[in-house]
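S.K.: I need the structure of the sequence given here:
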Amino acid sequence: MSYNTPTARLIDALGRAITSTPAPVGLRRRLALCLERSASNADQPPGEAARFARPPVCDCLAKALEVAREVSGPIRELADAIAALDPQIVWRRRDPGRGDDPAFADGHANAFLVGDGWPAIGDDVVIGASLLASNITYPRHRHPPEELYIVLSGGEWYRESRGWYAPGAGAHVHHEPGVVHAMRSGDEPLIALWCLWRDQ
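M.R.: Sure thing, here's the model as predicted:
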């Protein structure tokens, strides 16, 4: 198959990046099937992202991807695919909650990359990205869907019963449904891909 669009390149690299994940085998198989179905889908129509204002944190994207490119193999390819896809990406900020660091509002953004409208991969999974500026904490939260992160750059991650830890660029972070988790960047911005299963 020819991966000649940014989204198809991203899906191809993501498929290879998850082969070594410690997530349950069944979860990996489900994601692999979704990615296989979606690899040839069309990209979002050009110019769609131009209708939305880019959050300030997007100024950190190039630096975050530069850090990710220091990791060999699929992680570097994912960084290149995100850079190519960026003109089409709609980055959005989460509404800050009570008690959140005031810097969080301008220091983070999330984006859907596959699913949630474009390109469709069925009802199984949504793939997106989270971007944090330097020294920003994404607050602790939980949600029903199971989640798998692909860590593209550094930073620390929080999981209830484990506390804060640094998985390292290229690592995988798996959260079962309902697990409290968070992440925070250090002196460099953080970028990670995530996969959320919508059927739970």
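S.K.: mind listing what's buried along stretch 59-67?
M.R.: By neighbour count on 16 or more other CB atoms under 10 Å, the buried set for stretch 59-67 is 60-61, 64-65, 67. Every residue, glycine included, has its C-beta placed from N, CA and C.
S.K.: any chance of JSON lines for these, columns pLDDT, secondary structure and distance to residue 54?
M.R.: Compiled in JSON lines, the buried residues of stretch 59-67 are given as follows (pLDDT from 0 to 100; DSSP: H, G, I helix; E, B strand; the rest coil; distance: CB to CB, whole Å):
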{"residue": "60", "pLDDT": "96", "secondary structure": "helix", "distance to residue 54": "11"}
{"residue": "61", "pLDDT": "97", "secondary structure": "helix", "distance to residue 54": "9"}
{"residue": "64", "pLDDT": "95", "secondary structure": "helix", "distance to residue 54": "14"}
{"residue": "65", "pLDDT": "96", "secondary structure": "helix", "distance to residue 54": "15"}
{"residue": "67", "pLDDT": "92", "secondary structure": "helix", "distance to residue 54": "20"}
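S.K.: now those in CSV, with distance to residue 85?
M.R.: What follows is these, written out as CSV (distance: CB to CB, whole Å):
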residue, distance to residue 85
60, 17
61, 11
64, 14
65, 11
67, 18
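S.K.: surely residue 88 touches residue 6?
M.R.: Yes - in this structure, residue 88 is within contact of residue 6 by CB atoms under 8 Å, at 7.2 Å.
S.K.: no further queries at this time; thank you.
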